[in-house]
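In: Starting from these lines, generate the structure:
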Amino acid sequence: MADSLSMTSRSSVAELRHALETRVQGTVSFDPGTRALYTSDASNYRRVPLAVVLPETVEDCVEAVRTCAEHGTPVVPRGGGTSIAGNAIGTGVVVDTSRHLRAIEEIDPGARTATVQPGVILDDLRRATAAHGLTFAPDPSTHSRCTIGGMVGNNACGSHSVAWGTTADNIVALDVLLADGTRMTVGSSDTDEDFAELARRPGREGKVYAALSSLVERHRAEMRTDMPQFRRRVSGYALDRLLPEKGRDLAAALVGTEGTCVFVLGATVQLVESPPARALAVVGYPDAPAAADAVPALLEHGPLTVEGINHRMVAALDRHGASARVPLPEGGAWMLLEVAGADPDEATAAAERMLAALPEHSRPQDSAVVTDPGHQKALWRIREEGAGITQRTPDGRDAWSGWEDAAVPPENLGGYLRDFEALMERHGRFGVVYGHFGDGCLHVRIDFELETEEGRRGYRAFMEEAAETVVAHGGSLSGEHGDGQVRSELLERMYPASLVRAFGEFKRAFDPDGLMNPGIIVDPLPMDEDIRVSAGNRPHLPLLDDVTMAYPEDGGDFGAALRRCTGIGKCRRQDGPGVMCPSYQVTQDEKHSTRGRAHLLYEMANGELIADGWRSEEVRESLDLCLSCKGCLSDCPVNVDMASYKAEFLHQHYRGRVRPPAHYSMGWLPVWARLASAAPAEINRAARLPGLSTLAKKAAGVAGERDLPAFARTSFTRAFRRREAKGHGRPEGPRVVLWPDTFGNYMHPQVPAAAVRVLEDAGFSVVLPQGQVCCGLTWVSTGQLDVARTVMRRAVAALAPFVAEGVPVVGLEPSCTAALKHDLLELLPGPESKEVAASVHTLASFLNRHAPDWQPPRVPASALAQVHCHQHAVMGFDDDRDLIARAGVDGEVLDSGCCGLAGDFGFTEGHYEVSSAIGERELLPRVREAEPDTLVLADGYSCRTQIEQGTGRGSLHLAQVLARGLDAR
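Out: Okay, here's the model as predicted:
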């Protein structure tokens, strides 16, 4: 699509920019890089904004909206940008409240209310209210990053709406701003006279109420008869909320208007009591329609949730590795039924009574009642990861949102689901159905063909027929995500023409000039325009032809790899399990999130906004704070691999150019370490001399705040060869190759030495590969991919003879082990590399699989364990957890995410502040708080270095802990 900035006269843009920058204290951005970040949300659409405003105060919002009105410029309110319908993007000025407007202004436990700014993250509000035994009930699966303002815009719901309703049902009052800058506080009116009194007020506010009063009088009959009366009717405007019998609730009527009428400045929300205990009943049925048929009988027992999943979603999760160790009852479709109680026993008894009381026609094929919180959490993850996990079909095709959240009255769900599945079959489409069965709301991503004109015609035909199908079952086009660009055009199929015209009257009462999020709901944009992957929007292929990595999971197509990001924004969460995304967690900046980087790379390939391709400084700046932690490889529901994308970009960006000093120093660290091993004492002494150390760090591009790493007096490989020459070791027993990584070999040789003792105690004969070998990681992370490939080729040549004989390989440094298992296949695809990668193990996984009868030495101690990011992403930590427990260690595995050092990242000049802030989020404070006799377990050299430099405390590799146990035998 055409760039909105290029379509507007330069003089008018300059005037608008000057006015915004003068009046708004927050950030005002007209630059291509920032605008590129906001071209997409979590929908199928791409629309280029004129500018982006990040208000620091509510007053900034007022000034930004008023200024845009004065210049006739549309405004697009935006929260977390997780909209699946395309209602958080536009060609006007995007005002993003999620960065700064996060204040929880008041919690009133007595009234059970909370007053918040629009950018408050739902999970933050729930954590704050939990201290009072209360919660905000709506809980969409994006709860870790969606904002209250965005929830108001969409009328968000979530799993518990069966019990507590939608956002509209939980709003007390709204602080709103009209397009002309008029500010209003709206709520419900107790009587008709109250509403009439509001209409008599002077000025703009009175005119709004007068227009609404007239609207209700003229359309009262249609509001009562032609607006489906069930909870998940989200499509269109909720005009019936203005009826006298519904309290003339203007706040509730404005919920779900998707930023098209007012700008939400704040909300007072209703809180509910959080149940003291919950049990989760999991019921299995032969298929999803059979499960849907049972919903009415289940609802009679008042469960908190009735969530449905089917076998296709479970299979997708199995492929992703997310449903491991989560048993489900027999069946082809399941429902998750949460039941409350005063304590776990009462909740369990209530769940069992519910199942026992079901009539014969609604009884499940199999069932289980789950009380363990960890098991419950794992089961809920199946449901919550659905939007991302189902983004690709089993055969690798893209699956898209579009018809993803239609809803019908729950009693009609079984019939609708059967008709919908028949519709997909007629159109030759595939989709995974899941959702809020208790509210009659289905989610599905479908393998539409959106890249071609013919495919988009098929998409339109499907959408139109789907609309007719859901309306025939008394339903709503949207049951949760709003209409956006994707469904607004279809409203005339759900409502009579008179009500569609009434929607326009309602909008004009607040926004007569049509400046608030135009093209959504009223005067809708076509559903099949602005498609992100259509010919005019998708990346230009010539730029992507000459890529270096293989992208095996994307058919070798870097463009397909970039399309993985659907924008759901899990990388923007502040807390929670996993690693992703450490740089966003400390900067709160969209461009330093995985999503932001993916959008910038996509726009770079598109070429419209970011026109200098691989030379782009906007992309380089965004990737500069990417730690290459690989957290997104495992934590992102669609497995975006930003570490690989960064390596590719750096390779292309610096091709034929001088690189930053750190690329030559830390990128070539294996070479410098090998050279330093010839005179380690002298090198270490020089590194400690203040003046010389400062000069060396400056020349090497190393942060001045960092201590340079010290080299060991004798490398591990040299000591091992001497040991072999003396006939020491264990010549008998099955062989195992110990990989001599740079960090263990030249800096911490005590780690591989300890591993040798452990492996020999387990009955193995330890051998090393011949010659100087390296995994190539440091060249990969700095984008020197030609060198990395050469180094990896030598590594494969050194390991292949062992692998051919069935000799396994043990890696001790998690990042190097992950490089041999993952990066190797990206740079050297082929059967030999696959065989090598499959033969590489961590120490724990090797011992658990190849020496299951070996009894590890007892180490009766407490420990804090820091999981290396690359291990989390590629190998996992389950084997380590098991081995630690078998050794008698009382270990707490920290869920602290990345340590912040991340190889060369934390050593690089300009990164120290971010690196330290990441470590200070949890890891470093937890280490400082630990008792002196508590072991700190960290397999990664980077993790141990960050801990030592950040706390002054040492930490141990798992091999060292086990070797201590051998000493005590």
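
In: what ranges do the helices span in the stretch 151-300 of the chain?
Out: In the stretch 151-300 of the chain, the segments counted as helices under DSSP state H, counting those that start in this stretch are 161-164, 192-199, 203-225, 250-254, 288-293, 295-299.

In: Walk me through the domains of the protein.
Out: 10-96, 104-273, 279-481, 541-653, 659-969 (automatic domain parsing).

In: ok, D180 - contacts?
Out: By CB atoms under 8 Å, 6 or more residues apart in numbering, the contact set of D180 is 66, 69, 204. Backbone N, C-alpha and C define where each C-beta goes, glycine included.

In: And it, its phi and psi?
Out: phi -90, psi 0 (degrees, to the nearest 10).

In: can you list the domains of the chain in CSV and add mean pLDDT and distance to S498?
Out: Output for the domains of the chain, formatted as CSV (pLDDT from 0 to 100; distance: least, CB to CB, whole Å):
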stretch, mean pLDDT, distance to S498
domain 10-96, 96, 24
domain 104-273, 96, 6
domain 279-481, 91, 16
domain 541-653, 93, 36
domain 659-969, 96, 54
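
In: Nearest to M527, out of the ones you listed?
Out: Among the domains of the chain, the nearest to M527 by CB to CB is domain 279-481 (6.1 Å).

In: quick one on the thing from earlier: which ChimeraX command selects the buried ones in the contacts of D180?
Out: Selection of buried members from the contacts of D180 for ChimeraX, criterion 16 or more other CB atoms under 10 Å:
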select :66,69
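
In: which of the contacts of D180 lies closest to H592?
Out: R66 (30.6 Å).

In: The closest one contacts R183, correct?
Out: No. Between R66 and R183 there is no contact under CB atoms under 8 Å: 10.0 Å.

In: which helices and strands does the helix or strand hosting E421 pack with?
Out: Here E421 sits within helix 413-426, counting by DSSP states H and E. Contacts defined by 3 or more CB pairs under 8 Å, 6 or more residues apart in numbering; DSSP states H and E place helix 413-426 against helix 288-293, strand 431-436, strand 441-446, helix 453-472.

In: mind redoing it with 6 Å?
Out: helix 288-293 (3 or more CB pairs under 6 Å, 6 or more residues apart in numbering; DSSP states H and E).

In: which residues touch the helix it packs on?
Out: 285, 308, 310, 333, 335, 413-414, 417-418, 433, 437 (CB atoms under 6 Å, 6 or more residues apart in numbering).

In: Separate out the buried members of the residues you listed.
Out: 285, 308, 310, 333, 335, 413-414, 417, 433, 437.

In: which one of those sits closest to Q770?
Out: Taking CB to CB as the measure, Q770 sits nearest to N310 out of these, at 52.7 Å.

In: Find the nearest non-adjacent residue to that closest one, please.
Out: A333 (4.3 Å; CB to CB, 6 or more residues apart in numbering).

In: Grab the most central residue of this structure for me.
Out: Geometric centre of the chain, nearest residue: K570, 1.5 Å, by CA atoms, centre = their mean.

In: For the stretch 601-750 of the chain, which segments are assigned as strands?
Out: Along the stretch 601-750 of the chain, counting by DSSP state E, counting those that start in this stretch, strands occupy 735-738.

In: A199 touches L212, doesn't it?
Out: No. Counting by CB atoms under 6 Å, A199 stays clear of L212, with 7.8 Å between them.

In: Which of these two has more residues huddled nearby?
Out: Legend: neighbour count by other CB atoms under 10 Å for A199 and L212, higher for L212 (22 against 16).

In: which residues does that one contact?
Out: A509.

In: Then G556?
Out: Taking CB under 6 Å, 6+ apart, one finds A550 in contact with G556.

In: Equivalent analysis for L358, please.
Out: Counted by CB under 6 Å, 6+ apart, L358 has contacts A297.

In: how about 10 Å then?
Out: Residues near L358 by CB atoms under 10 Å, 6 or more residues apart in numbering: 283, 294, 297-298, 300-301, 364, 367.

In: Can you list phi and psi of it for me?
Out: Dihedral angles (degrees, to the nearest 10) for L358: phi -70, psi 140.

In: Same check on G567?
Out: Torsion angles, degrees, to the nearest 10, at G567: phi 90, psi 10.

In: Leaving out chain neighbours, which residue sits closest to it?
Out: Per CB to CB, 6+ apart, closest to G567 is A42, 3.8 Å.

In: you'd agree that neighbour is up against G79?
Out: No. Contact criterion CB atoms under 10 Å: A42 and G79 do not qualify, at 11.6 Å.

In: Who has more neighbours out of these two?
Out: Set A42 next to G79 and count neighbours by other CB under 10 Å: G79 wins out with 30 against 24.

In: got the contact list for that one?
Out: Counting by CB under 10 Å, 6+ apart, G79 has contacts 41, 88, 96-98, 101, 118-122, 142, 145-154, 259, 264.

In: Sort out for me which of those are in strands.
Out: Applying DSSP state E to the contacts of G79, the entries found in strands are 96, 264.

In: What separation is there between I531 and E453?
Out: In this view, I531 and E453 are 10 Å apart by CB to CB, to the nearest Å.

In: I should have written G965 there, sorry.
Out: Applying CB to CB to G965 and E453 gives a distance of 67 Å.

In: which one of those two has more residues nearby?
Out: Just comparing G965 and E453: by other CB under 10 Å the higher neighbour count belongs to G965, 19 against 9.

In: The more buried one is in what secondary structure piece?
Out: helix 958-967.

In: And that helix, what does it pack against?
Out: Under the contact criterion of 3 or more CB pairs under 10 Å, 6 or more residues apart in numbering; DSSP states H and E, helix 958-967 touches helix 750-761, helix 843-850, strand 862-866, helix 878-886, strand 935-938.
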